[in-house]
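J.: please find the sequence and the predicted model below.
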Amino acid sequence: MRLSRYFLPVLKETPSEAQIASHRLMLRAGMIKQATAGIYSWLPLGFKVLRKLENIVHEEQVRAGHVPMLMPTLQSADLWRESGRYDDYGAEMLRITDRHGRDMLYGPTNEELITDIFRSHVGSYKDLPLTLYHIQWKFRDEVRPRFGVMRGREFFMKDGYNFDLTKEDALHAYNRHMVSYLRTYERMGLQAIPMRADSGPIGGDDTHEFLVLAETGESEVFYDSAITDLKLGERVVDYDSRAECEAIVKEWTTPYARTDETHDEAKFNAIPEDRRRSRRGIEVGQIFYFGTKYSEPMGATVQGPDGKSVPVHMGSHGIGVSRLVGAIIEASHDDKGIIWPEGVTPFHAGIVNLKQGDAEADAACEALYASLTALGLEPLYDDRDERAGGKFATMDLIGLPWRITVGPRGLKNGVVELTSRRTGESEELPPEAAVEKLAQIYAGHVLRPAL
Ligand code: P5A
């Protein structure tokens, strides 16, 4: 993409309404614009990151054997009356009446809708196990929408639902989700710690939240620092293997890690003192096992091997995709701007032309642009007629992890400059070597055609 043809409305001023870094930086970097309280338009740069996160979520869900689909945002109130949640959900639910006087709602979550789909089409244990999921906008009329996309009213969520014959099968689904979530967050360059939590209006006994540690997080968390040393890394996981998934879950759930809702002072104090941590965290996902809470009242049953009809065991599993954009920025920024991890960066590298209009500099930038594009990488070429300082400030603000700076002086010696946004370190090298280095850095990342 050439910056002269893009839409990147960066702000010079720090918006006064933004209280935390991610909100400030998303507004300043032209990623979002508030439409009304807690509701945002995703401008091109923000949309690109959102799509990248969505793709990672899809890939990891499909890898775990879960089946993608798409449900609507608007739902009928009748289904929620069946489960008993229509009245329980309270003021957070946006209720709408259509022209025929029918009660509708903008879905805050989809347990009822998916259970209705299941009961309409599945009748035998032979069709189980089944996990369906979608990534769709949700609406919760939060009392205090704040921190930009972190606590929005309209937000983008991956929500998945497992249907199993027995509790043991459903607990395998729970474990599978935990493992796939760990991998998902790692691919985004994040450490998200699973913590025993409270189930709230979704229900059930077994639930873990995934928290990214950050001072601006809304949750208070307590954990054993040993958990922060754990990494899935390159491990290949067989998601059908109960033992393998269970072992990974055990590894992550053995060290103490809880939110304030389930915090147990005695257990916490049993951790060696130098490993006790009390911090704040951003909740970027939550998984639940709730048994037959929805299947029983809604009649989602299957015929078991003995011919008897039994309600299915269910759980639901959510990832806050739009919130993650903010969470990644909270975890990765400095006073100049955002620092995107390679796995989610909107563009792989920036090209800064120090002397736009200089025939040699222009040609070198064009050549770099073509070589990077041919490798499947997406460069953002700042081809505007602007001062170098302004171009650098924009690149730093929008946070592309790598920048190639091209100027007549370097070109005389046959070199360009490759700079890491994270470390600030630069090296001079021939343009082809800079391209080669970026190819190596991004090897192993999934590259997609430009959106
Ligand atoms: C699990 C999927 C559920 O709704 N039902 C379907 C279950 N879980 S949850 O914990 O309530 O939400 C899942 C994740 O969505 C994000 N989230 C939000 N993101 C932005 N703004 C909000 N107002 C908001 N509310 C929830 C969180 O990341 C949460 O973990």
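T.: The structure has been received and is ready for your questions.
J.: now the element after whatever helix or strand residue 366 lives in, going C-ward?
T.: Applying DSSP states H and E as the criterion places residue 366 in helix 359-374. Moving toward the C-terminus from helix 359-374, the next helix or strand (DSSP H and E) is strand 379-382.
J.: let me see the mean pLDDT of that next one.
T.: Averaging pLDDT along strand 379-382 yields 98.
J.: what about the residue in the stretch 1-150 of the chain positioned nearest to the ligand, how many residues close to it?
T.: Closest residue of the stretch 1-150 of the chain to the ligand, Cβ to the nearest ligand atom: residue 109 (3.9 Å). Where C-beta positions appear, they are placed from N, C-alpha and C, glycine not excepted. By the criterion of other Cβ atoms under 10 Å, residue 109 has 20 neighbours.
J.: and it, how far from residue 218?
T.: Distance of residue 109 to residue 218, given as Cβ to Cβ, to the nearest Å: 19 Å.
J.: repeat for residue 351
T.: Noted for residue 351: a distance of 38 Å to residue 218, by Cβ to Cβ.
J.: over to residue 424?
T.: From residue 424 across to residue 218, the span is 31 Å (Cβ to Cβ).
J.: tell me which of these two has more neighbours.
T.: Just comparing residue 424 and residue 218: by other Cβ under 10 Å the higher neighbour count belongs to residue 218, 13 against 10.
J.: now the stretch 301-450 of the chain against the ligand: closest residue?
T.: For the stretch 301-450 of the chain, Cβ to the nearest ligand atom, closest residue to the ligand: residue 320, 2.2 Å.
J.: I'd assumed residue 157 was in contact with that residue.
T.: Yes. Applying Cβ atoms under 8 Å, one finds residue 320 in contact with residue 157, separated by 6.0 Å.
J.: who's more crowded, these two?
T.: residue 320 (25 against 22).
J.: residues in contact with the nearest residue to that one once chain neighbours are set aside?
T.: Leaving aside its chain neighbours, residue 320 sits nearest to residue 284 (5.4 Å; criterion: Cβ to Cβ, 6 or more residues apart in numbering). Listed by Cβ atoms under 8 Å, 6 or more residues apart in numbering, the contact partners of residue 284 are 185, 190, 192, 210, 211, 212, 319, 320, 323, 324, 327.
J.: could you flag which of the residues you listed are buried?
T.: Neighbour-count burial (16 or more other Cβ atoms under 10 Å) applied to the contacts of residue 284 gives 185, 190, 192, 210, 211, 212, 319, 320, 323, 324, 327.
J.: partner residues bridging the third one?
T.: With DSSP bridges applied, residue 192 shows beta-bridge pairing to residue 212.
J.: pretty sure it contacts residue 182?
T.: Yes. Counting by Cβ under 8 Å, residue 182 is a contact partner of residue 192 at 7.5 Å.
J.: so where's this structure uncertain?
T.: Scanning the chain for pLDDT under 70 picks out the ranges 449-450.
J.: show me where it has its helices.
T.: For the chain, the helices defined by DSSP state H occupy 21-28, 44-63, 77-83, 85-88, 111-121, 167-187, 242-253, 265-269, 295-298, 321-331, 359-374, 388-398, 408-412, 431-441.
J.: give me whichever of those is most buried.
T.: Greatest average neighbour count among the helices of the chain goes to helix 321-331 (a mean of 25), per mean count of other Cβ atoms under 10 Å.
J.: contacts for stretch 265-276, please.
T.: Contacts with stretch 265-276, where a contact means Cβ under 8 Å, 6+ apart, come from 222, 224, 225, 226, 256, 258.
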